[in-house]
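Trainee: Here is a sequence together with a model predicted from it:
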Amino acid sequence: MFEELDDYRNKIREFALKEFTEEVAAEYDRKESYPDYLRKKSLSLGIVDMQNPAKVLIAIEELCRVDAGLGIALTTPYFGSEVIMLFGNDKQKEILNDVYRGKYILGLGVTEPSGGSDVAALKTTAKKQGNKYILNGSKMFITNGAIADYLVILARTSEDSNPHHGLSTFLLNTKSKGFSATKLEDKLGVRATNTAELQFNNIELSEDDLIGEEGKGFYYIMMFFNISRIYVAAQSIGIARGAFDKIKSYIKENNIKDEDSMFQLSDVGTRIEASIQMTYNAASYLFEFKPKPELTSMAKAYSSETAVFAAEEAMEILGDRSLYEDVQRIFRNAKIMEIWEGTSEIEKLVIARYILKGE
Amino acid sequence: MEEENNILRETVAEFCEKNLDEKKIETDGIDKKLTQLLAEQGFLGCAIPDKYSGSGLDETSYEIILEEIAKYSPTVAMRIFVLNSMYYPAVNGTAAEETLKDASTGKINIAVDFINKKTGNESVSGKIKGTLKNILGTDADKLVVFNDGTSLVSGPFKSESRDFMGFRGLKFGDLFLDNSVQVLDKSNRLSEIMEKAYGPASAIALGMIASALQKAIDYTNVRKAFGSQLRDFEPVSFRLARFRSTEVILRNSLYGKVDPYYTFNFAMEHLVEIARYSVNTHGGYGYFKDFGVEKFYRDAIVMKSIFYGTEELRKLTDHVYSEKINFI
C-alpha cells in the first residue's frame, strides 16, 4: 500500500525541503507562531489529502522529517476530523468539507487541567436544558485551541457509575458566546503549533451540535485515538528519520569510521526500521476498518521512544555542532511524542490489557 | 567536617531560594546585581585563592556550592564552573593571573571557548582577528581561547547573540575579534583542563539530577490519575526510586574517594535519562517552561554533548587499561 505511493512521497519531500528552510523553521520556532501561509500553500498544492489515510501518514512522516514544528502545524488543521467523518451529521460534514478546503481550522478538546491521560475523569459538562446543552468547564493543552474555528469537544452529559458512560462529543463554533482561549507559550518544542487552554462559560449548544449519539463520546474518542496514535507514530518516524539524516551526513562529511559511531548509527537505523514496520502494519489494519488497538499502541509507544532516542543520539554524535544547528530543534520537538495522545505508560497499559485479552 | 559541609549546604540553599529565579535568569541573563551578590557571598570565585580575592575553598566545598546552585540554576552553576575550573587554571601562573581579582569580585565577566575544540583563528603577532563562533558568554570582558596554544583575549568585543538551547542565562553567539592577545601557553590545554574539572562538572550534573528528580517525586505525590496518585503506579514510583539510588550513589561517589573518571562517567550516563523522565512524569505540563523541569532536560543534553563524547570515553578507556593489573 505504501510502496505504491513513492511518487507522492517524493512530492511531499520536495515541498518540505523547499518550504521548510532552516530560516523559516528557526523563525517560527523562535516566534512560537502558527505559519498560516504555509497551511494555505500546502492546501493549494494538495500536500495533505485527508480522503486517503495512507497519504496522510506519508505526508506527516515526510513533513516532520524536515521539521516537526512546521510539519505538525500543517497536518493538524484537520485534527479531530475523523470523529465528524465517522459519526457527524450532514451539517457537521459540510463544515468538515470547508475544513478540508482550508476555509476553517479544526481542533479537538479532550484533555483537561486535572486529567491528562485519564479521559473518563473529565469535569467539563454539557447539561441538557430543553433542546439545548449548556457547556461549562475547561480544557488544557489543546492543539489549535486559539486559532481553530471549530472544536470537537468531549463533555459529560450525564452521571453514570461507569465513568466511560455519559460522555458526549460536540462540534463547537469558537465564535460562540462564553468561549475563550488562552495561547500557552514557552513550549520546549513543536513551537510552530498553536496550543491553548480553553474556557467554556455557559455556552449554548444545539442538538445539531451533538456528534453522533449522546453518551457514546468516550468510545468515539477511543476510536479516534486508534487513528491519532498512528499519526503520532508517523510524526515520530519523521522526527527519527530527520535525526538519522543529520547523523548520516555528519558521519560522511567528517569521514568518521570508528566502530562506536558505526554501532550508534546501526542502532538508530534498526529502531527506525522496526518503527516503520510496526506503524505500517498497525495502519494497514486500521485502514481496513479492523483496528487492533494493541498494535496501534505498540507502534505509538515504540516509535515515540525511537524519536527521542534518535534525537538524543544525534545530539551526542554531533557533539558541540548539535547545539546551534537544527539538530537541537529536532531534540526539542521529539520529546512531546512520548507525551501526547497517551503517554508511553498509558500505551503500555493498553498493550498489556489486549495481550491478556487475547489469551 | 561533615557538620561544616552541612552548614555550607544549607547556607547555599538558602541563598538560592532567596536570590535565584531561574525563569528570570533564563530570560534576562545573569545581571550585574546577581553577579555582585554571588561575589559578596564568596560563591563566584569560591575555588580561587584568597590572594586573587577568591574564597580559596577546598574542592569538596566548591562542589557542594556547585551542586546546590545547580539545583536552582544550572546557568549560574555553569558560570561559576567556567571561572573556577576553566578560566582560573588557564591563567594561573601566567601574567594574566592579575585578571582573577576582577573576575572573582564580579567586576569583569570572563568566558572560555570550550565548545569549539579548536578555533580556526590563529593569533599572530599578539593580535587575533576574525569571527569566533559559538561562544557561551558573549558578554565577556576577557576570553580564553584554545588554538595551537592557550591564549587570553582582551575585550571589548563586538558580538552577536542568538538563541541557545541550554544554560540560557549565559549569552551565546559569535564574537567578532580584532583584539590583542596574551599567549598563556604554547600547547592547547583544553583537554587537560577539562579532565581536571571532572569533579566539579559531576557536581553540577548531580545538582541537576537531584532537582529534576525531586520535582518528579513531588509531582507524582500530588497528581492524581485514574483515581489514584501517580506514585501508586509502581512502574512510575519504582523508576523514581531507582533514580534516587543513582543520585545517592553519585553523591557518595563525588564526595567519597572514588576516582573522578568513574564519577564523571556515572554522572554523564544518568543525567539525561533522569531529566527526561522528570519531563515524562509531569505529562503535558512538563513540556512547558512554567513547570521548571524541561530546562533540566535541555541543560542535561547540552552538558552531555559538550563534556562527554568519544574523546572522554577514550580517556576513560585508557585510564581503565592503564590501571595496575594484580591478578595476572
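Mentor: Arrived safely, thanks for sending.
Trainee: care to break the chain down by domain?
Mentor: This is for chain A. For chain A, automatic domain parsing gives the domain ranges A:3-75, A:84-215, A:219-357.
Trainee: that's the wrong chain, I meant chain B
Mentor: B:2-104, B:110-188, B:197-321.
Trainee: returning to that earlier point: point out the most buried one among the domains of chain A.
Mentor: By mean neighbour count, with neighbours taken as mean count of other CB atoms under 10 Å in any protein chain shown, domain A:219-357 ranks first of the domains of chain A at a mean of 21. Just so you know, the C-beta spots here come from the backbone N, C-alpha and C atoms, and that holds for glycine as well.
Trainee: chain center to that one, what's the gap?
Mentor: Computed by CA atoms, centre = their mean, to the nearest Å, the chain-centroid distance of domain A:219-357 equals 13 Å.
Trainee: so does that domain get close to chain B?
Mentor: Yes: Domain A:219-357 comes into contact with chain B (CB under 8 Å from any CB of the partner chain), by way of A:258, A:260-261, A:308, A:312, A:315-316, A:318-320, A:322-324, A:328, A:331-332, A:335-336, A:338-340, A:343-345, A:348.
Trainee: low-confidence ranges in chain A?
Mentor: Applying pLDDT under 70 to chain A flags residues A:116, A:359.
Trainee: Not counting its neighbours along the chain, what's nearest residue A:200?
Mentor: Using CB to CB, 6 or more residues apart in numbering or on different chains and skipping residues adjacent in sequence, the residue nearest residue A:200 is residue A:135, 4.5 Å away.
Trainee: scratch that, residue A:300 is what I was asking about
Mentor: The nearest residue in space to residue A:300 (CB to CB, 6+ apart) is residue A:229, at 4.0 Å.
Trainee: dump the residue contacts of the one you found.
Mentor: Contacts for residue A:229 (CB atoms under 8 Å, 6 or more residues apart in numbering or on different chains) come out as A:296-297, A:299-300, A:341-342, A:347.
Trainee: Include secondary structure when you put these into JSON lines, please.
Mentor: Output for the contacts of residue A:229, formatted as JSON lines (DSSP: H, G, I helix; E, B strand; the rest coil):
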{"residue": "A:296", "secondary structure": "helix"}
{"residue": "A:297", "secondary structure": "helix"}
{"residue": "A:299", "secondary structure": "helix"}
{"residue": "A:300", "secondary structure": "helix"}
{"residue": "A:341", "secondary structure": "coil"}
{"residue": "A:342", "secondary structure": "coil"}
{"residue": "A:347", "secondary structure": "helix"}
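Trainee: Give me the most central residue, chain B.
Mentor: residue B:78 (3.3 Å; CA atoms, centre = their mean).
Trainee: follow-up on the earlier one: quick check: which of the domains of chain B is nearest to chain A?
Mentor: Within the domains of chain B, the stretch nearest chain A is domain B:197-321; the backing value is 3.6 Å (CB to the nearest CB).
Trainee: Could you list every helix and strand in contact with the longest helix seen in chain B?
Mentor: Ranked by residue count and defined by DSSP state H, the top helix of chain B is helix B:198-222. Applying 3 or more CB pairs under 8 Å, 6 or more residues apart in numbering or on different chains; DSSP states H and E, one finds that helix B:198-222 contacts helix B:59-72, helix B:74-81, strand B:228-229, helix B:234-255, helix B:260-281, helix B:294-307.
Trainee: would JSON lines of these with distance to residue A:353 and mean pLDDT be doable?
Mentor: Compiled in JSON lines, the helices and strands packed on helix B:198-222 are given as follows (distance: least, CB to CB, whole Å; pLDDT from 0 to 100):
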{"stretch": "helix B:59-72", "distance to residue A:353": "39", "mean pLDDT": "98"}
{"stretch": "helix B:74-81", "distance to residue A:353": "40", "mean pLDDT": "97"}
{"stretch": "strand B:228-229", "distance to residue A:353": "17", "mean pLDDT": "90"}
{"stretch": "helix B:234-255", "distance to residue A:353": "14", "mean pLDDT": "97"}
{"stretch": "helix B:260-281", "distance to residue A:353": "21", "mean pLDDT": "97"}
{"stretch": "helix B:294-307", "distance to residue A:353": "30", "mean pLDDT": "95"}
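Trainee: Name the helix or strand for residue A:351, please.
Mentor: For residue A:351, the host element (DSSP states H and E) is helix A:344-357.
Trainee: whoops, residue B:188 was the one
Mentor: Here residue B:188 is assigned to no helix or strand, by DSSP H and E.
Trainee: thought residue B:100 was touching residue B:89?
Mentor: No: Residue B:100 is not in contact with residue B:89 according to CB atoms under 8 Å; the separation is 11.0 Å.
Trainee: Could you check which of those two is surrounded by more residues?
Mentor: Higher neighbour count among residue B:100 and residue B:89: residue B:100, with 23 against 19, using other CB atoms under 10 Å in any protein chain shown.
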